[in-house]
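1. could you look at this predicted model? Sequence included:
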Amino acid sequence: MYKNKSKDGRLNICGQNIKELRKAMKPVVSQRALADKLQLLGIDLDKNAIQRIEAGKRFVTDIELKAFAEIFDTTTDELLK
């Protein structure tokens, strides 16, 4: 049976990019602060969900991906590289 995982076993391909972009923000934004920014866009994620996304242990919906792209001022394509 097919599993929706990347070759390295992660449940998403954008988590590592999200983590790198979050840490590259000046000043560095915590996972909690990122969750707060998402809340302002109407995306209900908490710090634990951000942690799981960055670790590749949680799927990311297209709606969430679009919100991440908006926060990081990038495209969804860049997040998926």
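-> Alright, I've got the coordinates.
2. please enumerate the strands of the chain.
-> Read by DSSP state E, the chain holds no strands at all.
3. tell me which stretches of the chain form helices.
-> Listed in chain order, the helices found in the chain under DSSP state H are 15-24, 31-40, 47-54, 62-71, 76-79.
4. make JSON lines out of these and add mean pLDDT.
-> Formatted as JSON lines, those follow (pLDDT from 0 to 100):
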{"stretch": "helix 15-24", "mean pLDDT": "97"}
{"stretch": "helix 31-40", "mean pLDDT": "98"}
{"stretch": "helix 47-54", "mean pLDDT": "98"}
{"stretch": "helix 62-71", "mean pLDDT": "98"}
{"stretch": "helix 76-79", "mean pLDDT": "97"}
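5. want to throw those into a markdown table with distance to residue 9 and mean neighbour count?
-> Bear in mind the C-beta positions are built from the backbone N, C-alpha and C, glycine included. Below are the helices of the chain laid out as a markdown table (distance: least, CB to CB, whole Å; neighbours: other CB atoms under 10 Å):
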| stretch | distance to residue 9 | mean neighbour count |
| --- | --- | --- |
| helix 15-24 | 12 | 17 |
| helix 31-40 | 22 | 16 |
| helix 47-54 | 14 | 18 |
| helix 62-71 | 20 | 17 |
| helix 76-79 | 19 | 14 |
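6. would you format those as a markdown table with distance to residue 5 included?
-> As requested, the helices of the chain are exported to a markdown table (distance: least, CB to CB, whole Å):
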| stretch | distance to residue 5 |
| --- | --- |
| helix 15-24 | 12 |
| helix 31-40 | 23 |
| helix 47-54 | 14 |
| helix 62-71 | 17 |
| helix 76-79 | 18 |
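7. what's the closest of those to residue 8?
-> Closest approach to residue 8 among the helices of the chain is made by helix 15-24 (9.9 Å; CB to CB).
8. pull the distance from the closest one to the chain's centre.
-> Helix 15-24 sits 8 Å away from the centroid of its parent chain (CA atoms, centre = their mean, to the nearest Å).
9. and it, what does it pack against?
-> Secondary-structure packing of helix 15-24 (3 or more CB pairs under 8 Å, 6 or more residues apart in numbering; DSSP states H and E): helix 47-54, helix 76-79.
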